[in-house]
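Peer 1: Compute the structure for the input listed below.
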Amino acid sequence: MVDVRVEGAHQLGDLAKRLKAAGDGGKKLRKELLKAVRAGAKPALADTRAAVKTIPVTGTRGGGRARR
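Peer 2: Numbering: from 1, shown residues only. Model prediction:
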């Protein structure tokens with residue numbers, strides 16, 4: 001397994017280009033990378049959703065609606 005660290009959109013774009021150039025369009029590598037990124041982001045997504053639910057809702061002006 002190879003550890004890859006990407007910081008910022010520019011590096012992510014460079015990585016995407018290198019994966020495509022890696023033969024077979026980099027499809028297998030890309031699939032594995034996306035799977036790992038999703039798994040790594042799951043805890044942050046859950047924490048973000050929980051944090052958003054703690055923000056108080058004060059009315060529905062501005063097109064908002066009450067959170068469930």
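Peer 1: just how off-centre is the longest helix along the chain within its chain?
Peer 2: The helix that spans the most residues within the chain, counting by DSSP state H, is helix 27-53. Its chain's average C-alpha position is 5 Å from that of helix 27-53, according to Cα atoms, centre = their mean, to the nearest Å.
Peer 1: Remind me what it packs against, helices and strands.
Peer 2: For helix 27-53, the packing partners by 3 or more Cβ pairs under 8 Å, 6 or more residues apart in numbering; DSSP states H and E come out as helix 9-20. From N, CA and C alone the C-beta is placed, and that goes for glycine too.
Peer 1: Off-centre distance for the helix it packs on?
Peer 2: 15 Å.
Peer 1: Under the pLDDT cut-off, which ranges of the chain? List them.
Peer 2: 1-2, 23, 25-26, 59-68 (pLDDT under 70).
Peer 1: give me that answer again for 90
Peer 2: Along the chain, segments meeting pLDDT under 90 span 1-38, 40-41, 55-68.
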